[in-house]
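**Q** fold the stuff below for me.
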Amino acid sequence: MASVVFMGTPDFAAGILQSVMDAGYQVQAVFTQPDRPKGRKGLMQMPPVKELALSAGIPVYQPEKIRREENVRLIGELHPDFIVAAAFGQIIPQAILDIPPYGCLNVHASLLPKWRGAAPIQWSILSGDSVTGVTIMRMNAGLDTGDMILKKEVAIREDETGDSLFERLMAAGQELLPEAMAQVLDGSCVYTPQPVESPTPYAKMLTRQSGCIDWEMSAEAIARRVRAFDSWPGTFSFLKGKMLKVKKAQAVSREDAEAYGQARPGEIVAAHRDLLYVQTGDGLLSLLQVQPEGKKQMDTGAFLRGYRLAAGDAFDSSRE
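**A** Residues are numbered from 1 along each chain as shown. Next comes the predicted model:
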């Protein structure tokens, strides 16, 4: 069976690594990002790919920069038939791409050329796409611009979250990658060049600040943001100097919103029983589940029973 060097970091990549192992390929080594501090205590945590590789007895390397000469030399000495990459988090230089005779295959969580970049899952939800998918491509020196081998479409549900779409796209990638590798090995695969231009902007990497709600946006756009960022970075705003995480929200229908007068974006227009409506740049947003600072996640009704709010109170983009 052909040999593989695997490069990846998060849970999505761990699922893809598992599919390579399940297909019987010899995984000679895994390259992943260094351990990073996580959580309030800042404890060092291994990337999911590292955890899986160690449990399977696969050597793990965690270079800060994969392009350094010692890493290029090491991979060359392994003589892999394939390099497989999935959400690695570093640009792989041409010197490494040229090593495996069957190429460097990447599992990308979008239907290329759409959503090239670091966060395609979240950006497909943010943009209101109705369908996304997975593409297996042969990597080149560009950013997700290599020739495409196979694609699989995945419909985006109305209630889709970043986490749920992640799971479904990972399953699609797990199914598609071994098929693509088999086609490469037997010479039956067709390489389809990508257009130079992508129909969508670059799916830029998310930061903690990406989750701060801009109330000038429409209610629909904010609701998509809450769903897309459910796991990380989350969505949040500040109310009376305290952070409030918004865990679930939906846009209020135009008919229901007509009962309330116009207010400035971020202003609460209704706060009673289990009803918490906030004015946005276009329409009202209903907050359904929230998490007050230092507290557990709760339904809006439970939140309103413990926190005195009234129409006219307003959210801010900072504590001040």
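**Q** please enumerate the strands of the stretch 51-200 of the chain.
**A** 60-61, 82-86, 104-108, 131-138, 147-155 (DSSP state E, counting those that start in this stretch).
**Q** relative to G234, which of these is closest?
**A** strand 131-138 (21.4 Å; Cβ to Cβ). The way it works is simple: take the backbone N, C-alpha and C, and place the C-beta from them, glycine included.
**Q** other residues contacting the closest one?
**A** 103-112, 114-115, 120-121, 124, 144, 146-156, 165, 169, 172-173, 176-177, 180, 191, 194 (Cβ atoms under 8 Å, 6 or more residues apart in numbering).
**Q** for stretch 204-221, same thing?
**A** 117-119, 122, 126, 128, 222, 225, 229, 232-237, 246, 251-252, 265-266, 278-285, 315, 317.
**Q** please repeat the previous calculation with a cut-off of 6 Å.
**A** With contacts defined as Cβ atoms under 6 Å, 6 or more residues apart in numbering, stretch 204-221 is touched by 117-119, 222, 229, 233-237, 251, 265-266, 280-285, 317.
**Q** swap in stretch 52-71?
**A** So stretch 52-71 is in contact with 14, 17, 27, 29-32, 34, 50, 90, 93, going by Cβ under 6 Å, 6+ apart.
**Q** which residues does the closest residue to Q194 other than its chain neighbours contact?
**A** Counting by Cβ to Cβ, 6 or more residues apart in numbering, Q194 lies nearest to P113, which is 4.7 Å off, once chain neighbours are set aside. Shown in contact with P113 (Cβ under 6 Å, 6+ apart): 194-195, 198.
**Q** also D163?
**A** Counting by Cβ under 6 Å, 6+ apart, D163 touches 230-231.
**Q** just the pLDDT at it, thanks.
**A** Per-residue confidence at D163 stands at 96 (pLDDT).
**Q** give me the distance between it and L285.
**A** 21 Å (Cβ to Cβ, to the nearest Å).
**Q** circling back to that earlier point, can you lay out the strands of the stretch 51-200 of the chain as CSV showing mean pLDDT and distance to L74?
**A** Listed next are these as CSV, based on pLDDT from 0 to 100; distance: least, Cβ to Cβ, whole Å:
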stretch, mean pLDDT, distance to L74
strand 60-61, 98, 7
strand 82-86, 98, 12
strand 104-108, 98, 15
strand 131-138, 98, 22
strand 147-155, 98, 27
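**Q** picking that back up, buried among the contacts of P113? Need that as a selection in ChimeraX.
**A** Remark: buried members of those, expressed as a ChimeraX selection using 16 or more other Cβ atoms under 10 Å:
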select :194,198
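**Q** save the contacts of P113 as CSV, and put in distance to G301 and pLDDT too.
**A** Compiled in CSV, the contacts of P113 are given as follows (distance: Cβ to Cβ, whole Å; pLDDT from 0 to 100):
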residue, distance to G301, pLDDT
Q194, 49, 97
P195, 50, 95
S198, 44, 95
